[in-house]
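Peer 1: coords please:
(2 chains, ligands or ions: 5)
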There are 2 protein chains.
Amino acid sequence: MALESFIQVLPDSHFSIQNLPYGAFKPQPTASARLATAIGDYVLDLSEIAKAGLFNGPVLSSSDCFLQPTLNNFLALGRPAWKEARSTLQKLLSSSEPTLRDNADLRQKSLVPMSTVELVIPIEIGDYTDFYSSMHHAKNCGTIFRGPQNAIPPNWFHLPIAYHGRASSIVISGTDINRPRGQGHPTGQSPPYFGPSLKLDFELEMAAVVGPGNELGKSIDVNEAADHIFGLLLMNDWSARDIQAWEYVPLGPFLGKSFGTTISPWIVTLDALEPFSCDAPKQDPHPLPYLAEKISKNYDIELEVQIKPSGQKDSCVVTRSNFKNLYWTLTQQIAHHTINGCNLRPGDLLGTGTISGPEPESFGCMLEHTWNGQKPLQLNGTTRKFLEDGDEVIITGCCKGDGYNVGFGTCAGKVLPSRD
Amino acid sequence: MALESFIQVLPDSHFSIQNLPYGAFKPQPTASARLATAIGDYVLDLSEIAKAGLFNGPVLSSSDCFLQPTLNNFLALGRPAWKEARSTLQKLLSSSEPTLRDNADLRQKSLVPMSTVELVIPIEIGDYTDFYSSMHHAKNCGTIFRGPQNAIPPNWFHLPIAYHGRASSIVISGTDINRPRGQGHPTGQSPPYFGPSLKLDFELEMAAVVGPGNELGKSIDVNEAADHIFGLLLMNDWSARDIQAWEYVPLGPFLGKSFGTTISPWIVTLDALEPFSCDAPKQDPHPLPYLAEKISKNYDIELEVQIKPSGQKDSCVVTRSNFKNLYWTLTQQIAHHTINGCNLRPGDLLGTGTISGPEPESFGCMLEHTWNGQKPLQLNGTTRKFLEDGDEVIITGCCKGDGYNVGFGTCAGKVLPSRD
Ligand SMILES: [Ca+2]
Ligand SMILES: [Ca+2]
Ligand SMILES: [Mg+2]
Ligand SMILES: [Mg+2]
Ligand code: NI
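Peer 2: Ligands and ions are numbered 1, 2, ... in the order given. Next comes the predicted model:
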C-alpha cells in the first residue's frame, strides 16, 4: 500500500505525500514570502519546520536555506540536500509519524489552507532559456512559416535549438496578461501593421529549474546533468505570432514573446518524478559524443490545455499532450547549453519548447491547431483563430501513480486588452 | 575655463571632474563591494561620502542607496537623484570647495588609488538585450551570411532588431575568456564540426544601463525614454562565428554568444555625455509613430579597438569607429523594447550591437574586417583571420571636450584555450 499522510489527500489531488513540490507563499499581502511544500489542500510552511529544528539531517541542520524568501540557496546545495529534505518532509507528514501530527501548536503554525494564501514565484530567475525540443512542433511551425520543403532546419536533429528568453516578464499563474502591441508582418508592399497583436497564442510548455549549475568556462557532462535539475513546472510561453513573424529574422523571437510568460507555482522535483520516467525517443542521426548519454530519459507527464472563452462559464479542452513527446532530453539540453562554457546559475529556468504530439488533438499551440488561423477551433459553440480578450488559458499536468498523483496543479492566465 | 578638481587629473585622463562615472570596487579581495566614482587616478568611495552625510540634497539625504553593493537602488530613483548626486560630487571634488579638500581624515578614508583596488561590476543585471543598430554592420554581416541580395532584411529599417542575451556570463574588463567549444556549420554533406571554435571574434559595442524602467504591460514613450537611461559603458560581445552560423536559424544567436560578454567597469552618465550629443542620422522610411521622436540624438564618442597578439608586447589598432554611426537611437531602442509591454528593470543592460562605420577601418568586428576570414588582418608583422589563444582585445572610448575628456576607460579581455 502506498505511503499515506495524516493530512487528508483526496484521490484526485495533485499533492500527495509522494509529490511534495516546492513553492512560496505570502501569509498576508504585505508579508515577505515563505517557502512551502504542498500536501492535499494545505501548504506546509517550511520556515516553521526549520525554526522547530526538524530539518536535522547532516546537510540541512546547519543551513538557513528554508528561512529565505526564495529557493535559490536550497537549489545551490544540490541533490544530497534535496534528498534529505524530501525524506525529512515525507517522514514528518506520514500518518505513522507523531512529531507534527500530534503537535497541535506546530500544526497550527505550519499548516495553512492553500486557498487562504497568495502563492508567489519561489525562485529568483537569473536567466530564462527556451528550447525547441518537440519534433512535431518544429515540423508544424516550420511548415507554416517556411513551407514543407524547409520545415525542419538542417541543424535541428544535431542540436537542441534554443534562444534566450526574457526573465523580467515571467509571472505566476493567475496573473492577467495584457495583449501586446507591436508591428506585424506587412502584406505585399504595404507598410507593417501596427496595433494590438491579431495573432495572440499560448504555448504549452514545461520548464526545468536549475540546481547548482556550473562555473563560467566549464561544461556540464551530459551524464552528470541530472544533478543540475531540481525539478519541473508548467509554463505558458504566450506568443504573438504576427509580431514574431515580422521580427524574427535574423536574430530570433523578441517582442513576440517578451510580454509575458506564465509559470505554475509549484516545482515538482525530479525525485518525485522518478517513478514516471520512461525511455526517450531513439535519435537519428546519433548525437555527437557530448550529447550521447548512457541513459536517455523522459517522463510520462499527462498535459492538458483548456480555454475558457471570454464571457463563458465553462472551459473546453483543446490539447492533450505528454512530456514524453520531447525529442531532446532535459539532460541533453543542459549539456548543450554549457558546452560553450556558458554558466548556469541556481534558479535559472529552461523551457522545453512547445510540447506537441503527432496528432492534431495534441498540438501545443493555436498556430498549429488552427494552422495559422486557417482552421478555426470550435469551443463551446464559439470559434477561435487566435486568443481573444477575456479568454483564459489553463494548463494542467499530472503523473498518475498507483493510488496517488504527482501533479503540477495549474498554470492559468487570462488575456486583457492592450493598455495605453 | 573648465571646472577643475583639487585632485590631479592629467590631460589625457578619462576621468575629469566633468565625467564622474559610477563603478564599484573591493578594497580587499574578501571585502564586499562599495560604490565609487572615478577622478583622475583615484576612486572616491561613495559609501564614505554617504556616511559623512554629504549627500544632503532633498532626494538623497534620506536614501541608503550609496551604502549598497550595487547601483540598482540608485538607478531606480531616476534622474532627479542622478542630477543631485552629480551636482553634489562635482562640488565636493572641485578645487574651490574645502569640505573634502581640507578634511584629511575623510580624504584618507574615501580616496583610494585606482591601481590598488579591484573593480567589480556595479550593477545587478536582470536581463541583457543586444540590439543590431548599425546599418553598416547589418549590411556587412548580411552580405557575408546571406549574400548581397538579402543583406539587410526587410524589417531592419522599420524596427530596431534585437535579441535577448545571456546575463550570467557578463564579466568585467580584465577577465580572461575561454575559447568556446561547440558545433560549427558542416560543409556539404559532412556532419557538423565539433571542437574549439575556429572563428572567435570580438564585437565593438556600447551598452545602456536602464534606470527606473516600466511596469509589465505599460510602454515607455519614446519622448520620455531618455529618463530611463542612466548611462553607457563599453562592451565586447565576444562571438563564435562558426557556432553562430550553424545554430542561428530559426531562433537566433545562442551559444555563439553566451560564453562571455565583457563590460567596462565605469558607467558614464547621460548627463556627462550631454555636451557631446549630436543629431542622429535621418531615417528613411520615416519610423512608425511610436518610434518617431521629437529630438533624435546620438553622441560623439570616439571608439577604438586594439589587439595585442599572443606573445607580443605591443597592441595594434584595428578599428576606429564612433557611437554616432548608429542608425537607431537609444531612446528608440527603449520605446521599441517596451511597446509590447515588456518590463525593463533598473540595471538591465541594452547593447547597441556592433558599431561599424562606413569605411573598412571602422568595422567593429573581425568577421567584417577579414570578410569572414578571406582577407587576413595585418597585426605587427603577424596575421589574423580570427582571434587566436593568447590574443587580447582592448576597447577604449572617449569624448574629447575643451581641455578635458569624458572617457570610458578600457574594456579588455584575453582569449584562453578551451577548458576540459
Ligand atoms: Ca516557446
Ligand atoms: Ca552583438
Ligand atoms: Mg513568453
Ligand atoms: Mg557575448
Ligand atoms: Ni536574462
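Peer 1: so A:S63, which of the three states?
Peer 2: When classified by DSSP: H, G, I helix; E, B strand; the rest coil, A:S63 comes out as coil.
Peer 1: do A:D12 as well
Peer 2: Following three-state DSSP, we place A:D12 in the coil state.
Peer 1: from memory it sits against A:Y404, does it?
Peer 2: No: using Cβ atoms under 8 Å, A:D12 is not in contact with A:Y404, being 10.5 Å away. From N, CA and C alone the C-beta is placed, and that goes for glycine too.
Peer 1: Identify the contacts common to these two.
Peer 2: Contact criterion Cβ atoms under 8 Å, 6 or more residues apart in numbering or on different chains; no residue bridges A:D12 and A:Y404 by contacting each.
Peer 1: Neighbour count for the two, which is higher?
Peer 2: Taking neighbours as other Cβ atoms under 10 Å in any protein chain shown, A:D12 and A:Y404 compare with A:Y404 leading, 22 against 8.
Peer 1: Name the spans of chain A whose pLDDT lies under the cut-off.
Peer 2: Along chain A, the model assigns pLDDT under 70 to residues A:1.
Peer 1: what distance separates stretch A:159-179 from the middle of the whole chain?
Peer 2: Relative to its chain's centre, stretch A:159-179 lies at 10 Å (Cα atoms, centre = their mean, to the nearest Å).
Peer 1: How about it and ligand 1, touching?
Peer 2: No: Stretch A:159-179 does not reach ligand 1 (Cβ under 5 Å from the ion); its nearest approach is 7.9 Å.
Peer 1: I'd assumed A:L350 was in a helix, is it?
Peer 2: No: going by three-state DSSP, the assignment for A:L350 is strand, not a helix.
Peer 1: Bridged to it, which residues?
Peer 2: Applying DSSP bridges to A:L350 gives these bridge partners: A:T129, A:A208.
Peer 1: who are the neighbours in contact with it?
Peer 2: By Cβ under 8 Å, 6+ apart, A:L350 lies in contact with A:128-131, A:207-208, A:210, A:330, A:333-334, A:337.
Peer 1: go again using 6 Å as the cut-off
Peer 2: A:129, A:208, A:333 (Cβ atoms under 6 Å, 6 or more residues apart in numbering or on different chains).
Peer 1: Neighbour-wise, give me the winner out of those.
Peer 2: Among these, the one with the most neighbours (other Cβ under 10 Å) is A:Q333, at 26 neighbours.
Peer 1: What are the phi and psi values at that one?
Peer 2: Per-residue torsions, A:Q333: phi -60, psi -40 (degrees, to the nearest 10).
Peer 1: Is A:V268 part of a helix or strand, or is it coil?
Peer 2: From three-state DSSP, the assignment for A:V268 is strand.
Peer 1: So it is in contact with A:I229, correct?
Peer 2: No: A:V268 lies out of contact with A:I229 (Cβ atoms under 6 Å); the separation is 11.4 Å.
Peer 1: How many residues are close by the closest residue to ligand 4 within the stretch 251-400 of chain A?
Peer 2: With Cβ to the ion, the shortest gap between the stretch 251-400 of chain A and ligand 4 falls at A:C342, namely 9.6 Å. By other Cβ under 10 Å, the residues close to A:C342 number 27.
Peer 1: Over to A:D227?
Peer 2: Neighbour count of A:D227, defined by other Cβ under 10 Å: 18.
Peer 1: in a helix, that's where it is, yeah?
Peer 2: Yes: read with three-state DSSP, A:D227 is one of the residues of a helix.
Peer 1: is the residue of the stretch 151-300 of chain A found nearest ligand 4 in a bridge, and if so with what?
Peer 2: Residue of the stretch 151-300 of chain A nearest ligand 4, by Cβ to the ion: A:H164 (10.7 Å). Under DSSP bridges, the beta-bridge partners of A:H164 are A:T129.
Peer 1: So which of the contacts of A:L350 is the closest to B:G256?
Peer 2: A:T129 (14.3 Å; Cβ to Cβ).
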